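> Structure, please.
(2 chains)
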Amino acid sequence: MKNKISKQKGILGRGILTFLLIMGVSGCAPQKVIDEIGIMHTIGVDLVNNKIMGSVLYPDFTDDKNLMLVTAEADNLTTLKTNLDLKLQYPMELGQLRVLVLGDTLSKAGFSRVLESLNKDPSVGMINVVVADHSSRQFLQSIIKSPPLFLSDLIEQATEYEGLPDTSILTMQYQYFGEGIDVYLPNVKLDNQNKVELNGMSIFKKDKLKLRLSQKETFLFKTINEKNKKGTYPFKIRKNEKEANIGIQSLSGKHNIDINLAENEVLIKLNLNCELKGLPNWMDIRKVEELQQIAEKSMTNDIENMLVKLQKNQVDPLGLGMIYRSKSKIWSEDDFYKRVYPAFRFKVRTKIVFSQYGVVK
Amino acid sequence: MKTTIKEQYLVSTFFTFFLVHSSQTGLALLGFQDNISKNAQQDAWVSVILTGIVIHFILWLIYKILDEKHPDLMAIHHYCYGKVIGNCLSFFVLLYFLLQSLTVFWGYIEIIQVWVYPTLKTWQLGIVLGILIYYLVSGGFRLLTGFSFWGVVLPSFLLILIYFPIKYAKTTITLLPILNHSIGDILLSAKASTLLFLGFEWILIYYPFIKDANKSQKWAQFGTLYSTILYLIITLISFIFYNQEALQHTPWPTLKMVKIVHFPFVERFEYIFIFIWLLVIISPLCISIWACTRITRRLTRIPPKISLFVFLIMIVTATTSTKDFRSVEKISTITSEIGFYFIYTYIPLLFLIKHIKMKRNKSF
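A predicted model of the protein is given here:
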């Protein structure tokens, strides 16, 4: 009996000890109170007199205003954080960073100094990176009135449905460090009413901006590069001296890129399922084959032109270098850009199936 | 000298699977890809298979070395070299095991400091971990065997988590062309991947604690096979998710792959992952320290509780002695180097010596 009681006491004692230890251990961890830190949502980076100028948008929970903008200059990203902290009543945290906006000065001079230090920071998660067409500070100022996560939601939405390439800091690292592929990032700009607009993409050579593609070209690029092929493609038809511009909506599809080493030929096959909308009345819906052919031809032409444009500018966002590398025993990036890539001829085969055509015949 | 362990301290035969596999998976799983792909690049997965096969062979050798009469390393040493030299050699093995536990201990603290709490001091974490290890190891070998269950289950969760990197990976052509590296490169990568499999050699110490130990070889081999498969899958996934050049810029590729997992309610999944990983590293860490106390017990009359305390003090002190981040890397290189020669040179040598001696004894 006595034994039993002492056993029970032992269990109780152990329970209390465990409880105290758990309290102690969890209390020891360094903690950060949400009201006492500045959470960066969007950061814009420019280059001014060879110094990094960072502009940060952060939500201020103590104020009615949605977002606040603070700007600081520094020689590198680490001191930039300090210089930002020196202007705020609480320290900045990188953990919730969603969008990095590269200003035009920085993207022309090279983003490597920003990427390499961001890459090393463990608190940085999935960030979308976009390229502004002028200073990123000006850009951020124009979205200060919008909801806190406006920009990242906008990018997500456009990537999912509107033909914007799927990029993030992960793809950026992959393409920047990897050989045989170049970095591409979506563009942002301000329209004439000072509103944000995503528009096409920028392609970088190493870390320097080399080429900008329009939204139409970007969509075409996406169809031959990603699984998600949603987006719209506009093209012209002309028949019996009547002319119309039709938009077809791509729903899904498949692509395949192959390089024929012996003939230096890049063969691209693209199958798309599209929805036909807004057909003019003078076009007969029953003659859909004719329309298909026109659309296929137009798309093939546009893709080929886009590829030649990339080739002429010596950039390879499609990763043709990687495909070439996987097929040849010897690989040298210089040799690829100097000798192999300019010699490529492109052959595109597009097949469009109109699987839906709207609700009016 | 005979060493029979009482029935109540023995563990069932099939637990050898858990023991061997959990000793092999540990800290190395979080970031080995950049090391093994340094030489053979995209062909490094061949090296992992190659090392796995060799480890199976070494494990077979270990089972040949151990027998009823000489159930552990100390007994073998006595038999082969006599008392003095044998004890000296056992002591060196003890130092090697201690170094192994130091590597894991230090490496885990470093990961916590780099990824989670940059301002946390090493001694604070060191003492907390030290108390935990003392508590577990003093619970005896059966308790550690129980813990090794987590060392099998939790790394297997990685196989579920690889869904996320596969979703992000765009292409598999980074694995091509297959085998365009020289045999020398592949062997160098195989050498680097030996570190992954280290830990199974502790069976030299805990062999007498296994019930029907001579029948446990099957389970031990299964454990190694499972490790090989796990490592192979993780290697292939990382080679697809990264490319070779990006991999060389990533010190903890597995952790970075886990980082992309995120839920609406957990932004940084790797926090959870790192702390769960404590359960994974705790079993190889404890088994290696337990092996040290066991060797001490067999060589001297020092009771395990005291030697355990001394070893832990040594480990914690060594960990806090320097703040240089390179020291972790240095010590892990030294450990894997010693381990490499221990399993590839010393174990076959021991096997030969024992067999020569056995034959001679028979002929007399």
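
> Do a quick rundown of the strands in the chain.
All of this refers to chain A. In chain A, the strands defined using DSSP state E lie at A:38-39, A:42-48, A:51-59, A:67-74, A:92-93, A:99-102, A:128-132, A:184-190, A:196-205, A:208-213, A:231-239, A:242-260, A:265-276, A:345-356.

> and the longest one with strand A:345-356, angle?
An angle of 130 degrees separates the directions of strand A:242-260 and strand A:345-356 when computed by axes from the mean of the first three to the mean of the last three CA atoms, to 10 degrees.

> cool, and the third one?
Regarding strand A:51-59 and strand A:345-356, their directions subtend 10 degrees when assessed with the same axes, to 10 degrees.

> Direction included, what does strand A:51-59 pair up with?
Take DSSP bridges as the rule and strand A:51-59 pairs in its sheet with strand A:42-48 (antiparallel), strand A:67-74 (antiparallel).

> Any idea which of these gets closest to residue B:173?
Closest approach to residue B:173 among these (CB to CB): strand A:42-48, 32.7 Å. For every residue, glycine as well, the C-beta is placed using N, CA and C.

> So which bits of the stretch 151-300 of chain B are right by chain A?
Residues of the stretch 151-300 of chain B lying close to chain A (CB under 8 Å from any CB of the partner chain) are B:168, B:170-171, B:173-177, B:180, B:242-246, B:248-249, B:259-260, B:262, B:267-268, B:270.

> Residue B:7: neighbour count?
7 (other CB atoms under 10 Å in any protein chain shown).

> For it, give its distance to chain A.
In this view, residue B:7 and chain A are 25 Å apart by CB to the nearest CB, to the nearest Å.

> For the stretch 1-150 of chain A, give the residue positioned nearest to chain B.
At 4.7 Å from chain B, residue A:122 is the closest residue in the stretch 1-150 of chain A, using CB to the nearest CB.

> residues from the stretch 251-361 of chain A in reach of chain B?
A:319, A:322, A:323, A:325, A:326, A:327, A:328, A:329.

> Among the residues you listed, which lie within helices?
A:322, A:323, A:325, A:326, A:327 (DSSP state H).

> and the closest residue to the last one other than its chain neighbours, what is it in contact with?
Nearest in space to residue A:327, with sequence neighbours left out and distances taken as CB to CB, 6 or more residues apart in numbering or on different chains, is residue A:261 at 5.9 Å. The contact partners of residue A:261, taken as CB atoms under 8 Å, 6 or more residues apart in numbering or on different chains, are A:324, A:327, A:328.

> before we move on, the earlier item: with mean pLDDT and distance to residue B:148 added, can I get the strands paired with strand A:51-59 in JSON lines?
Rendered in JSON lines, the data for these read as follows (pLDDT from 0 to 100; distance: least, CB to CB, whole Å):
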{"stretch": "strand A:42-48", "mean pLDDT": "88", "distance to residue B:148": "45"}
{"stretch": "strand A:67-74", "mean pLDDT": "84", "distance to residue B:148": "50"}
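
> Residue A:83 against residue A:72, yeah?
Yes: the pair residue A:83 / residue A:72 is scored as a contact, 3.8 Å apart, by CB atoms under 8 Å.

> Name the nearest residue to the closest residue to chain B within the stretch 201-350 of chain A, sequence neighbours excluded.
Closest residue of the stretch 201-350 of chain A to chain B, CB to the nearest CB: residue A:326 (3.5 Å). Residue nearest to residue A:326 in three dimensions, not counting chain neighbours: residue B:176, with 3.5 Å by CB to CB, 6+ apart.

> residue contacts, that neighbour?
Taking CB under 8 Å, 6+ apart, one finds A:326, A:327, B:42 in contact with residue B:176.

> Put the buried members of the ones in helices among the residues of the stretch 251-361 of chain A next to chain B into a PyMOL selection.
Of these, the buried ones go into a single PyMOL selection, burial set by 16 or more other CB atoms under 10 Å in any protein chain shown:
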select buried, chain A and resi 322+323+325+326
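
> Including pLDDT, could the ones in helices among the residues of the stretch 251-361 of chain A next to chain B go into a markdown table?
Below are those laid out as a markdown table (pLDDT from 0 to 100):
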| residue | pLDDT |
| --- | --- |
| A:322 | 87 |
| A:323 | 88 |
| A:325 | 86 |
| A:326 | 85 |
| A:327 | 84 |
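
> and the gap between residue B:166 and residue B:243?
To residue B:243, residue B:166 is 15 Å away according to CB to CB, to the nearest Å.

> what about those two, which has more around it?
Neighbours were tallied for residue B:166 and for residue B:243 using other CB under 10 Å; the higher tally belongs to residue B:243 (25 against 12).
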